[in-house]
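Colleague: take this sequence and fold it.
(chains A and B, ligands or ions: 3)
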Amino acid sequence: EETGDEENNNSFGGVGVGGTEHACRYCGVQNPACVVRCNVPSCRKWFCNSRGNTSGSHIVNHLVRAKHKEVCLHKDSPLGETILECYNCGCRNVFLLGFISAKTESVVVLLCREPCLSVNALKDMNWDLSQWCPLIDDRCFLQWLVKIPTEQEQLRARQISAQQINKVEELWKTNPDASLEDLEKPGVDDEPQPVALKYEDAYQYQNVFAPLVKLEADYDKMMKESQSKDNLAIRWDIGLNKKRIAYFVFPKEDNELRLVPGDELRLRYSGDAAHPAWQSVGHVIKLTAQEEVALELRASQGVPVDCNHGFSVDFVWKSTSFDRMQGAMKTFAVDETSVSGYIYHHLLGHEVEVQVVRNALPRRFGAPGLPELNASQVFAVKSVLQKPISLIQGPPGTGKTVTSAAIVYHMAKQGQGQVLVCAPSNVAVDQLAEKISATGLKVVRLCAKSREAVSSPVEHLTLHYQVRHLDTSEKSELHKLQQLKDEQGELSSSDEKKYKALKRATEREISQSADVICCTCVGAGDPRLANFRFRQVLIDESTQATEPECLIPLVLGVKQVVLVGDHCQLGPVIMCKKAARAGLAQSLFERLVCLGVKPFRLQVQYRMHPSLSEFPSNSFYEGTLQNGVTINERQSSGIDFPWPVPNRPMFFYVQMGQEEISASGTSYLNRTEAANVEKIVTTFLRSGVVPNQIGVITPYEGQRAYIVNYMARNGALRQQLYKEIEVASVDSFQGREKDYIILSCVRSNEHQGIGFLNDPRRLNVALTRARYGIVVLGNPKVLSKQPLWNSLLTHYKEHECLVEGPLNNLKQSMVQFQKPKKIYN
Amino acid sequence: QSDIDDDDGGGPVASDEDDDVQVRQKVVQVDPQEEADFERDFRAIMQESLDSRKLELRSRPTLNMMIPMNVFEGSARDHHGRGVEGESGDEIVDEDGGERNKEVRVKVLVKRGSKQQTKQMFIPRDCSLVQSTKEKEAAELEE
Ligand SMILES: [Zn+2]
Ligand SMILES: [Zn+2]
Ligand SMILES: [Zn+2]
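Modeller: Ligands and ions are numbered 1, 2, ... in the order given. Reported below is the predicted structural model:
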């Protein structure tokens, strides 16, 4: 999640996006040599002279359907801005006009067929009337007067059908400004049009995705704006930058919304006898483990710092990220330079002849500062450097960040300009930025303005940090102003103007001198990058981004794109069910796989104990996952934990406890399972494992909250130890690892499904987080109905790791499995 | 980890222009029904245009145009100062080479209000409009 900043919207000035006034209203072709304007005063629309998929050219189609008869040429056409008319009588009906040679010389005029062509005087003047050449020939304007767009231009244009032409012409009769998109607008209650595998053109693509992004935006807004909280207690503090910080606990409801750093909140105080009513907007800069929020306020004046109770807080929803997705789709459609022709057609699923990128390959595929690459990593790096579009699939722990960094290193060394590196999440961008920087490349990490106060492991790479620390004499003016601003909190308006201009210039200078720019996908739409072009783009975690999100970094002129991800792990999170059902949750990576692009798979995993990787490898990666770590390297020496089978640090702990509905009524919890989680955690801690080595995964918020509370209240050891243990959903563990994982499955209801864990990708993620050992808690009777869980249970059973009884006396369980249902898809 | 000098540096760089994408073209099929409908509408508007003129102008019109004589004169130095010296109607060979010599330069006479203007334009040699001119010129030369 990322929010932008209005003050920044025009930083470097905007780049004119295509879709000019003279673009063909049917197909979008905008070459001035190919278009003419209908000259009927109420119409004045532009059309091109290509036939597309119809029997007449677009302009002729329009004239015939609308019964309009006059046209005007474009000012950049050979004849300039000219209304076509008969040289003799001034008739402007193009259906009557034609060219004729005046006498013998090569001077031609337009003459109307009726009546001027039959004037006897012309014959007397020796004009050859038989050579009169009609303006409209074969239902197309004369090609030498109005050019036909090239095949390329036509393929790049919107593919409009005769039916659509008829419909839009009909619509124009009542609404002359209507666009083709208006034809597709669904009614309020309609299901949106689902995503497709292939698209005729980028306009059709936009027609499908724009409503889905809108649905998600509306839902997101509704959800967030309904999150107001009253009666909050505030603790006041002042940050290093002299800004006021409010700390408070933001109780989390039992839904999927969680605050993230950078979110904007409005803090309110309704006033009392001693204080006037007050409110201020601020950014979340930190979330503590105790769910305390740190909010940095924008204005520090008039803050009622002597009050601590009775505050309210609202979520300030911002449309920035959704606006940027919509903008990227529009650019993709109307701006021919937004992506290369090859990538354009490829992304739309058109059949394109294979293209090889003719770049010199390096002798070695590793990069300085990075670990040596293994064979599958070298193969991936080598292959993607030669292809305009490629996919890299990185199963858990296979080193996709290192591989990505190596690719970026070699791309940057090819001298094709700056490389753009993106990922949907800030965490992933930071990780990648760090690795790329280790190769010695100059990296700039561009953060949203709202996140500048959020601490980051790569702060020294961030643009805002570099602006503050670029210490040359000519920048001293900026530094003086910065200091003044820091001390006083504000500047005079003239100083503020000067400060902004200097800052903008410095930002641009630093960004332009970088080899690599790193930002989130949404961040690639930042106005500070508006004038930048990137031919080479790498997107990490691309399987967690929606297509429109992925498009934002691509439409900056991409010619070579590498998508890294794993479609066997979790996809993007879509809150709106309607949009998810229509396919917004499918990533571009996945669609390209469906289109037949074969991903390069990294095959050696360095995370899991070989016993832990066996099931995921067989179930999700066709058994191709090899172990880059040995059993010895994953032996936890000195840790005395009752694993049922020595050298096999895993077991399925059979739970028959009843599931309940949590207090909030929308989530599930299982008390006995929670109690057993506490016992396992305590056993780990006693045996010498430290809290940050342990992760507890549970799919339900109800269970999560219950486990946290239960451990704090009933834990056998010091409370603080339990507080430091991360208890979270599968989704928030994606992309990360822990030494030990405890998975609490919760559902034990015979009559219902297993909800969240029904998604194989979620199970894959849950099972592949642990390095040294994993404990799964659940009810085999319920879980075995699901085929994948059935095979997981069978796997544990075959290895004598399906157990029950007290922890200090685990016995193999004889519980019977149910037959798996075949309903899963 | 020892690979330090592992890049060749500036190899051949793909130029901006080499976006020679080959899209496998699908055969455009125009729906015959659509074609027939369009043909009917096209003929209708054509007929209607002709009919309306016949009704409007019952009497034979007179010739009402001025062709400024200087357009027929020698050099074709045009208004845009393109400065390509040559007889009008000449085949044009310029730096575009092969492309242009399939074209013939003509002057188009247009009215801007009451004023005449000429604009230069290129017409394919095989267009009937210029072919007849060339033939006639040839014939005149014969005489
Ligand atoms: Zn019109
Ligand atoms: Zn068109
Ligand atoms: Zn006329």
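Colleague: and the chain, what are its domains?
Modeller: Reading this off chain A. Domain segmentation of chain A under automatic domain parsing yields A:32-181, A:234-309, A:605-812.
Colleague: can you look at chain B instead?
Modeller: With domains defined by automatic domain parsing, chain B comprises B:30-61, B:69-142.
Colleague: which of these comes out lowest on mean pLDDT?
Modeller: Of all the domains of chain B, the minimum mean pLDDT falls on domain B:69-142 (a mean of 61).
Colleague: could you point out the longest helix of chain B?
Modeller: The longest helix of chain B (DSSP state H) is helix B:32-56.
Colleague: close to ligand 3, is the next helix or strand after it?
Modeller: Next helix or strand after helix B:32-56 toward the C-terminus (DSSP states H and E): strand B:103-112. No: judged by C-beta under 5 Å from the ion, strand B:103-112 makes no contact with ligand 3; its nearest approach is 11.5 Å. All C-beta spots, glycine's among them, are computed from the backbone N, C-alpha and C.
Colleague: in strand B:103-112, what's buried?
Modeller: B:E103, B:V104, B:R105, B:V106, B:K107, B:V108, B:L109, B:V110, B:K111 (16 or more other C-beta atoms under 10 Å in any protein chain shown).
Colleague: residues contacting the closest residue to B:E34 other than its chain neighbours?
Modeller: Leaving aside its chain neighbours, B:E34 sits nearest to A:A162 (4.2 Å; criterion: C-beta to C-beta, 6 or more residues apart in numbering or on different chains). A:A162 makes contact with A:N53, A:T54, A:S55, A:N61, B:V30, B:D31, B:E34, B:F38, according to C-beta atoms under 8 Å, 6 or more residues apart in numbering or on different chains.
Colleague: and A:A162, how far from ligand 2?
Modeller: Note on A:A162: its distance to ligand 2, by C-beta to the ion, to the nearest Å, is 13 Å.
Colleague: and A:Q635, by the same measure?
Modeller: Here the criterion is C-beta to the ion. By it, A:Q635 lies 69 Å from ligand 2.
Colleague: other residues contacting the helix or strand hosting A:F589?
Modeller: Using DSSP H and E, A:F589 sits within helix A:588-594. Under the criterion C-beta under 8 Å, 6+ apart, residues A:195, A:197, A:347, A:349, A:389, A:391, A:542-543, A:545, A:547, A:550-551, A:563, A:565, A:567, A:571, A:599 lie in contact with helix A:588-594.
Colleague: can you flag the buried ones in the residues you listed?
Modeller: Buried members of these, counted by 16+ other C-beta under 10 Å: A:195, A:347, A:349, A:389, A:391, A:542-543, A:545, A:547, A:550-551, A:563, A:565, A:567, A:571, A:599.
Colleague: which ones among those map onto strands?
Modeller: In strands, judged by DSSP state E, the following of the buried ones among the contacts of helix A:588-594 are found: A:I389, A:L391, A:L563, A:G565.
Colleague: which among the residues you listed gets closest to chain B?
Modeller: Nearest to chain B, judged by C-beta to the nearest C-beta, of these is A:I389 at 11.8 Å.
Colleague: let me know the pLDDT of the closest one.
Modeller: Predicted confidence (pLDDT) for A:I389: 96.
Colleague: what about it, distance to A:K598?
Modeller: 11 Å (C-beta to C-beta, to the nearest Å).
Colleague: ligand 3 is nearest to which of the domains of chain A?
Modeller: domain A:32-181 (3.1 Å; C-beta to the ion).
Colleague: now check the closest one, is it near ligand 1?
Modeller: Yes: for domain A:32-181, a contact with ligand 1 is found by C-beta under 5 Å from the ion, at A:C38, A:V40, A:C43, A:A66, A:H68.
Colleague: in contact with the second one: list those residues for me.
Modeller: Listed by C-beta under 8 Å, 6+ apart, the contact set of A:V40 reads A:A66, A:H68, A:K69, A:E70.
Colleague: buried residues, stretch A:629-640. List them.
Modeller: A:V629, A:R634, A:S636, A:I639.
Colleague: wait, the first one touches A:Y606, no?
Modeller: Translated: A:V629. Yes: when contacts are counted by C-beta atoms under 8 Å, A:V629 is listed as touching A:Y606 (5.6 Å).
Colleague: just to revisit the earlier point, how about the contacts of A:V40, which pair is most distant?
Modeller: A:A66 and A:E70 (11.3 Å; C-beta to C-beta).
Colleague: tell me, what's touching the two both at once?
Modeller: The contact sets of A:A66 and A:E70 overlap at A:C38, A:V40 (C-beta under 8 Å, 6+ apart).
Colleague: what subset of the contacts of helix A:588-594 is also close to chain B?
Modeller: The subset of the contacts of helix A:588-594 within reach of chain B, counting by C-beta under 8 Å from any C-beta of the partner chain, is empty.
Colleague: so which of those sit within helices?
Modeller: Per DSSP H, the subset of the contacts of helix A:588-594 in helices is A:L347, A:E547, A:C550, A:L551.
Colleague: OK, contacts around the last one?
Modeller: By that I understand A:L551. Counting by C-beta under 8 Å, 6+ apart, A:L551 touches A:M325, A:A328, A:M329, A:F332, A:L588.
Colleague: how near is the fourth one to chain B?
Modeller: Which is A:F332. Taking C-beta to the nearest C-beta, to the nearest Å as the measure, A:F332 and chain B are separated by 15 Å.
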